[in-house]
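K.L.:
sharing a model that was predicted from the sequence below.
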Amino acid sequence: MKPLVILLTLVIFAGCAEFKNSPFTDELKTNTRNWNAQSVEKIRALNLNDTFKIATISDTHSNYNDLRAVIQEINSRSDIDFVIHLGDFTDRGYNFEYDIFVDIMKELNKPSVVVIGNHDSIGKGPQLYRRVFGNPDFAFDFNGTKVIVTNNNRLDFISSWSADWMFHEVSRSRDFDRVIVAHHVDPDSTNYFTTTQVMQFDKLYSDSKVNLVLNGHQHAFWLRAMTDYLSLQVPRIENRQYNILDFEKGELHVWYCQKGNCQTVAP
Amino acid sequence: MFGTVKKEIVRLWLLSLLVLSPLSVQAVEWQMSLQHAGFMGETSVAAGFENQARWFGMDIGMGFSSDSDGKSVRQINLKTRIQPFIWGLGKYGELILPYVGVQAMYTDDTAFFVKSGNEFPEDEYYDFTAIRFGIPLGMSWRNETWAVYAEYVLLDTDLIAQYNTESALKYQDITSASVGLRYYF
């Protein structure tokens, strides 16, 4: 009898948590795949015109409380159409961090596209990102607006990274009324890019009718009017910070939100 | 197989083993173990010992898992445990419940690193990712030659996240169960 009780106790004990093999693999608990492609389909199905709102969040790392709180705020607003997460949703790119993030993001009741950040690119991060979210370089459009999402974590992909795809995609977007480029690293970061690359990015955005360039990475909110485009650095989510891009008949108003209060800001 | 930094870590682990061995210099009970999960690999094998009074045990070994493309992922594991409660069950052996320990997992997979690569502005651009630590809380039943055990393991990073978020995470998300079999020589 006693061995049976002991065996039963062991089974119950072990059964209260999942078996996780290793933090060093690309093994996932979540079955979620092609997150971005599915979100893009949902965004297209909204049939947005030139009046729409995008919430932008970034650098959530392990600030899960703030992420959940911002998700609740966004969920409570019927005027926000979709969400862009500008990357760094993990601290170290481990498989279990991807699982936790996806689990929380499923609470969002709007479509969301997720950019890969440099922290999400550590270790098996690149494989994990592809498995959950899909190709890190993608673009979508709806009624005159084009959104280009790209992986610009150059240092983390030092042997394979190239800006060719982004250059090509931006260059062939001149016919759109609005072009938004979203990547994680600030394109004028001299830590991440050579001086030549920084100049090339600025020239590309200026010459190609890009309206808005979004990045995270630096954790601080910063809205700048560049020569021919607007640059928005989305703050980290700590203290429930995020931005809202409010397009009203094509005209952009940027909102900065913190702890539940939102105010319009100008560059 | 190992770079300079990795060699240092292996040396550190071996040193730990040597430093702690005198604890049981009078007589030790040597053992081999086979474990599933608990962040130590899909399958991990280890060799170790328990001191004569059996309040302390240590294992060092290797864990094996695989990526989604089938590529094998190896890790080196070191686990210690403190077993203050041993309950006799007469002819049915004994129950060691609960015990607690510390485990370290290290991979030589080059995707992870102890210091950031040369491409980054500084060595500590990122925290090291090739080593993780865990706290196993376990129970085991053993007779003279065999033991079976089950553990909950909490990872260091998850513990920190749980603290920072005031327990916002579900425990099943941040713990792993493990089961194992131990043979005493």
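P.N.:
Received the coordinates, thanks.

K.L.:
what's the closest non-adjacent residue to residue 122?
P.N.:
Since no chain was named, I'll use chain A. residue A:93 (3.7 Å; CB to CB, 6 or more residues apart in numbering or on different chains). Using the backbone N, CA and C atoms, a C-beta is placed for each residue, glycine as well.

K.L.:
right idea, wrong chain: chain B
P.N.:
Per CB to CB, 6+ apart, closest to residue B:122 is residue B:116, 6.9 Å.

K.L.:
distance-wise, check the residue nearest to residue A:122 relative to residue A:77.
P.N.:
31 Å (CB to CB, to the nearest Å).

K.L.:
of the two, which one has the most company?
P.N.:
Counted by other CB atoms under 10 Å in any protein chain shown, residue A:93 and residue A:77 do not tie: residue A:93 has more neighbours, with 28 against 12.

K.L.:
where does that one land on pLDDT?
P.N.:
Residue A:93 is assigned 97 on the pLDDT scale.

K.L.:
got the phi/psi numbers for it?
P.N.:
Taking degrees, to the nearest 10, you get phi 70, psi 20 for the backbone angles of residue A:93.

K.L.:
pretty sure it sits against residue B:129.
P.N.:
Yes: here residue A:93 reaches residue B:129: they are 7.3 Å apart, a contact under CB atoms under 8 Å.

K.L.:
joint contacts of these two?
P.N.:
Listed as contacting both residue A:93 and residue B:129 by CB atoms under 8 Å, 6 or more residues apart in numbering or on different chains are A:122, A:123.

K.L.:
list the beta-bridge partners for residue A:263.
P.N.:
Assessed by DSSP bridges, residue A:263 has beta-bridge partners residue A:256.

K.L.:
in stretch B:110-120, what counts as buried?
P.N.:
Neighbour counts over stretch B:110-120 (16 or more other CB atoms under 10 Å in any protein chain shown) mark B:111, B:112, B:113, B:114, B:116, B:120 as buried.

K.L.:
show me the contacts for the nearest residue to the second one once chain neighbours are set aside.
P.N.:
Spelled out, it's residue B:112. Distances taken as CB to CB, 6+ apart place residue B:130 nearest to residue B:112, at 3.9 Å, with adjacent residues excluded. Counting by CB under 8 Å, 6+ apart, residue B:130 touches A:24, B:6, B:106, B:107, B:108, B:109, B:112, B:113, B:114.

K.L.:
just the residues you listed now: which is nearest residue B:59?
P.N.:
If you rank these by distance to residue B:59 using CB to CB, residue B:106 comes first, at 14.1 Å.

K.L.:
chain B: helices as residue ranges?
P.N.:
For chain B, the helices defined by DSSP state H occupy B:4-20, B:156-164, B:171-174.

K.L.:
ignore the last one, the stretch 1-150 of chain A
P.N.:
All helices of the stretch 1-150 of chain A, identified by DSSP state H, counting those that start in this stretch, fall at A:2-15, A:35-45, A:64-75, A:95-105, A:125-132.

K.L.:
so which of those gets nearest residue A:116?
P.N.:
Relative to residue A:116, the nearest member of those by CB to CB is helix A:125-132, separated by 4.9 Å.
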